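Enquirer: model the structure of this input:
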Amino acid sequence: MSNYEDNLLRNIFVAQVTTLAKAIKAEKLAQGTRTTSDCYREAIIEIKRNREKVLSLLDEIEAHY
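Expert: Modelled structure (predicted):
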């Protein structure tokens, strides 16, 4: 993988983590929980936790459509 591709993938990952973290923070606020955390850690944990399930579903869908 080239340096350009590596940087591109890292930037995509950062954008996804940032987006998910903002959603987590908004969800907490909607539930009445205020936090000073940026929620990045929680976002990364959620990605790691759901990775295999999401990829498995992707494989399943690609096989049928």
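
Enquirer: what about residue 3, distance to residue 10?
Expert: To residue 10, residue 3 is 11 Å away according to Cβ to Cβ, to the nearest Å. Heads up, the C-betas are built off the backbone N, CA and C, glycines and all.

Enquirer: who's more crowded, these two?
Expert: residue 10 (10 against 7; other Cβ atoms under 10 Å).

Enquirer: spit out the contact partners of the more buried one.
Expert: Counting by Cβ atoms under 8 Å, 6 or more residues apart in numbering, residue 10 touches no other residue.

Enquirer: please compute how far the host helix or strand of it lies from its chain's middle.
Expert: Per DSSP states H and E, residue 10 falls inside helix 3-30. Distance, stretch centre to chain centre, for helix 3-30: 6 Å (Cα atoms, centre = their mean, to the nearest Å).

Enquirer: what's the following helix or strand after that helix?
Expert: That would be, after helix 3-30 and using DSSP H and E, helix 40-64.

Enquirer: okay, angle between that following helix and helix 3-30 too, please.
Expert: 110 degrees (axes from the mean of the first three to the mean of the last three Cα atoms, to 10 degrees).
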